[in-house]
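Q: My questions concern the predicted model and sequence given below.
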Number of protein chains: 2
Amino acid sequence: MKIAVLGGDGFVGWPTSLHLSDLGHDVHIIDNLSRRWIDTELGVQSLTPMDSIQERTRVWHQETGRRVHFHLIDIARDYDVLKQWLGDNQPDAIVHFAEQRAAPYSMLSDRHKNYTVNNNVSATHNLLNAMVETGIDAHLVHLGTMGVYGYSSVGAAIPEGYLPVGVETLDGETAEQEILYPANPGSIYHMTKCLDQLLFQFYAKNDGLRITDLHQGIVWGTHTDQTRRHEQLINRFDYDGDYGTVLNRFLIQAAIGYPLTVHGTGGQTRAFIHIRDSVRCIELALNAPPKAGDRVEIFNQMTETHRVRDLAELIKRMTGAEIAYLPNPRKEAAENDLVVRNEKFRALGLNPTTLEEGLLEEVVEVARRYEYRLDRSRIPARSAWTKDIAPRLNVDPEGKQLKSIS
Amino acid sequence: MKIAVLGGDGFVGWPTSLHLSDLGHDVHIIDNLSRRWIDTELGVQSLTPMDSIQERTRVWHQETGRRVHFHLIDIARDYDVLKQWLGDNQPDAIVHFAEQRAAPYSMLSDRHKNYTVNNNVSATHNLLNAMVETGIDAHLVHLGTMGVYGYSSVGAAIPEGYLPVGVETLDGETAEQEILYPANPGSIYHMTKCLDQLLFQFYAKNDGLRITDLHQGIVWGTHTDQTRRHEQLINRFDYDGDYGTVLNRFLIQAAIGYPLTVHGTGGQTRAFIHIRDSVRCIELALNAPPKAGDRVEIFNQMTETHRVRDLAELIKRMTGAEIAYLPNPRKEAAENDLVVRNEKFRALGLNPTTLEEGLLEEVVEVARRYEYRLDRSRIPARSAWTKDIAPRLNVDPEGKQLKSIS
């Protein structure tokens, strides 16, 4: 297949591009390189040294003989360029990662809120609009988030996108129907993924676009079989308070002797997936496209759930790290349960990679190897969800060790 | 109260501004005058001669001694200007009409789709963002649409925003909860109002903003008690295929001897409200603000439902007009039922104005008076919902009379 990977320079986009190229697909990365610009804005960098996308694709060709093409297009800003590219290239499938993807970054300031909303909504809508306008028959696979569901369910398992409900009719009877699971986003970033869902629903219904939406859990790990092949193919690895994700952050903290930063009670239960399964799920979704006229196909792209506190305890036992309980910058339930269905991916052949010491150790090793590139002062989370919460992040009754470190 | 009316130069915004001024409120219109620019773009004009907003507010002062202030701000583009204005002026309430409001216009082309999404999402999000950032404690009243619900219910009455549903829990029991009514928009325009709903839900939850969302039916009529006071205060009156709304269009068509243009079978049932009730509902909503921390307050702003075909027949009987059944440019169910709850507005004191010959005649009289300004070629609807439908609009088996007219 000819596959366009929008956002193919990012943390999941890059290993996905290599994975699909390795499978023999004709892969075209489209990216505005915004993640590199945001690194520059924040003054942080990937823990792993990342070469330019042009150099990375050159090395991939050198190592494998395969080509991954790169096109510098800002799909949120350059609608006409995107439309022209799609019409000229007629991809069979489009994988859409091209959105600002960090909740804390989206809450940093009013400017970051506006950027996240405008960028993400325009990116997704421009893409859908251009697909209709060019008349291409491509299957769109979008990376969403488990966060669209929120974390305050009535104790029911999170279904794969659609919730069966009973509604009382005029006759006083109960009619059964399936609805898009009610959105309950916890941040501006998560909200944009809820907005995306409505855009997808409309374009599938009105124009018959074939769309798969993947509600992904928190990704951990860094290497895939492809990124391992050469030092210069290494994946990016974020450790800072904005872009670093919880489990990877714990592992890095353990590696460098920094207390594991648990926010609030750590009673939050979240869904997780290893980066190797993430790229495999995208392959599986690409192989199972919906038909024109079908509703949006939705998968829960996760393999297990864990309470944040339990993960910290696990890594403490494994590495001897200390745990620092810090004020929670987010406005969220202190404790929640979470049960998630993922039967559809299992039925397609996903064999879940779950937490195991070997893979956890791998991350710790990566962190130790590149520790010389790490700025400890960038580890604390500084983005507060509300103006009330912001001052509390500096008052840190239990974080004395943290203060002495940063 | 000091009230900012965003979009106060428009069809509902203008009479609302005068109504609120007449009640003694300190009214500030904020508008980018985009509706006047769109008239210019489309080469159409309001059937009624509209003076500049500056001249209209001057006449209002001359007639009543009251001031309505006008501020030229594009809230979708000029976030910083909006934020500055809100911080400086600290309004007690904000009425938000400042969005592109026509479904056919939103479907005209890919450019119009992008404009509608980007303009409406940015306008609403900029406003919410600026309200949080300035810390003002204003009640936000937003004009939404009945169209967020869609027209394919399971035969249940449309509740006031929230739908009680039963969800099966892990224990196999059924838990009752209220969810935002599942969105099912019929056009890009309607979709933007669904996106708005999620923005409101998030900002009410995360930041405690006090928000009322009014899901309005199709507005008909043109005069209110205030716009009647002087010829130059007259409201705008759209008759074209993009901005004209169905009942007003029938009445204009009847006035000028043009067949009533029914699309499809006319079996679509829709909700209606007279412009006099529309401005009254906004007053009632302003007087009943939610508390900080409350969920978004939602009202159905409509007074009656009618099948489009029945309205055409009514006006045919009343005026002797002919009816032309034309291909439907929209992708929608040919026939639907619609039962809508509006008890909350009735409880607040709304005494519904329903269809009556006198008010229908009033519209016909306005149309006859200004017929000399009307371009009959702008009456047909030309905006098609999909590329498949577009060619059919020119094939018009029953519309011979229409062809000879346009």
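A: It's in.

Q: ok, the nearest residue in space to A:P91 that is not next to it in sequence to chain B distance?
A: Leaving aside its sequence neighbours, A:P91 sits nearest to A:A4 (CB to CB, 6 or more residues apart in numbering or on different chains; 4.4 Å). C-beta coordinates here come from the backbone N, C-alpha and C atoms, glycine included. If you measure A:A4 against chain B using CB to the nearest CB, to the nearest Å, the figure is 18 Å.

Q: Please name the residues that touch A:I282.
A: Residues near A:I282 by CB atoms under 8 Å, 6 or more residues apart in numbering or on different chains: A:T16, A:H19, A:L20, A:V95, A:V141, A:L214.

Q: ok so, going back, so how far is the helix or strand where the residue nearest to A:P91 lies off the chain centroid?
A: Using DSSP states H and E, A:A4 falls within strand A:2-6. Relative to its chain's centre, strand A:2-6 lies at 17 Å (CA atoms, centre = their mean, to the nearest Å).

Q: which element follows that strand toward the C-terminus?
A: Next element after strand A:2-6 (DSSP H and E): helix A:13-22.

Q: Keeping just the C-alphas, turn that following helix into CSV.
A: Provided in CSV are the C-alpha atoms of helix A:13-22 (Å, rounded to 0.1, in the frame of the first residue of the first chain):
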residue,chain,number,x,y,z
GLY,A,13,4.9,8.3,14.1
TRP,A,14,8.6,7.5,13.5
PRO,A,15,8.6,3.9,14.6
THR,A,16,5.2,3.4,12.9
SER,A,17,6.7,4.7,9.6
LEU,A,18,9.7,2.3,9.9
HIS,A,19,7.4,-0.6,10.9
LEU,A,20,5.2,-0.1,7.8
SER,A,21,8.2,0.4,5.6
ASP,A,22,9.7,-2.8,6.9
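
Q: where exactly do the helices run in chain A?
A: A:13-22, A:34-42, A:53-64, A:79-89, A:103-106, A:110-134, A:188-207, A:246-256, A:275-286, A:308-319, A:343-347, A:357-369, A:400-405 (DSSP state H).

Q: most tightly surrounded among those?
A: helix A:13-22 (a mean of 27; mean count of other CB atoms under 10 Å in any protein chain shown).

Q: Can you pull out the residues in contact with that one?
A: A:3, A:5-8, A:27, A:29, A:31, A:56, A:60, A:64, A:66-68, A:95, A:97, A:224-227, A:233, A:235-236, A:275, A:278-280, A:282-283, A:286.

Q: Check stretch A:30-43 too.
A: Residues contacting stretch A:30-43 (CB under 8 Å, 6+ apart): A:4-11, A:13, A:45-46, A:50, A:53, A:70-77, A:82, A:85, A:98, A:100, A:105, A:119, A:236, A:240, A:242-243, A:378.

Q: go on, stretch A:322-334?
A: A:103-104, A:151-152, A:186-187, A:259-268, A:312-313, A:316, A:380-386, A:389, A:392-393, A:395-396, A:398-399, A:401-402, B:205-206.

Q: Can you check what pLDDT the model gives A:P391?
A: Note for A:P391: predicted pLDDT of 89.

Q: what's the burial count for it?
A: 10 (other CB atoms under 10 Å in any protein chain shown).

Q: where does the stretch 251-400 of chain A have low pLDDT?
A: A:394-400 (pLDDT under 70).

Q: Residue numbers of it in contact with chain B?
A: A:K331, A:V339, A:W385, A:T386, A:K387 (CB under 8 Å from any CB of the partner chain).

Q: Select from those residues the one having the most neighbours.
A: A:W385 (20 neighbours).

Q: Tell me how far the closest residue to it other than its chain neighbours lies from A:D388.
A: Leaving out its chain neighbours, the residue that sits closest to A:W385 by CB to CB, 6+ apart is A:K331, at 4.3 Å. Distance from A:K331 to A:D388, counting by CB to CB, to the nearest Å: 9 Å.

Q: Kindly state the beta-bridge partners for the residue nearest to A:P91.
A: With DSSP bridges as the criterion, A:A4 is bridged to A:H28, A:I94.

Q: Would you agree it is in contact with A:I94?
A: Yes - taking contacts as CB atoms under 8 Å, A:A4 lies within contact range of A:I94: 4.7 Å.

Q: Between these two, which contacts overlap?
A: With CB under 8 Å, 6+ apart, A:A4 and A:I94 have common neighbours A:A138.

Q: Quickly note the distance from the residue in the stretch 251-400 of chain A that chain B sits nearest to to B:I179.
A: The nearest approach of the stretch 251-400 of chain A to chain B comes at A:K331, 5.6 Å away (CB to the nearest CB). To B:I179, A:K331 is 20 Å away according to CB to CB.

Q: still on that earlier bit, tell me which of the contacts of stretch A:322-334 fall in strands.
A: A:L260, A:T261, A:V262, A:H263 (DSSP state E).

Q: any chance of these in CSV, plus distance to A:A292?
A: Below are these laid out as CSV (distance: CB to CB, whole Å):
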residue, distance to A:A292
A:L260, 48
A:T261, 47
A:V262, 47
A:H263, 44
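
Q: most surrounded residue in those?
A: A:L260 (25 neighbours).

Q: Please list all residues in contact with that residue.
A: Applying CB under 8 Å, 6+ apart to A:L260 gives the contacts A:F250, A:Q253, A:A254, A:A312, A:I315, A:K316, A:A321, A:E322, A:I323, A:A324.

Q: Report the contact partners of the first one.
A: This points to A:F250. By CB under 8 Å, 6+ apart, the neighbours of A:F250 are A:L260, A:L311, A:A312, A:I315, A:A321.

Q: List the contacts of the last one.
A: To tie it back to what came earlier, the one meant is A:A321. Applying CB under 8 Å, 6+ apart, the residues contacting A:A321 are A:F250, A:Q253, A:A254, A:G257, A:Y258, A:P259, A:L260, A:I315.

Q: cutoff 6 Å now
A: A:A254, A:L260, A:I315 (CB atoms under 6 Å, 6 or more residues apart in numbering or on different chains).

Q: hang on, A:M302 packs against A:H215?
A: No - counting by CB atoms under 6 Å, A:H215 is not a contact partner of A:M302; they are 7.9 Å apart.
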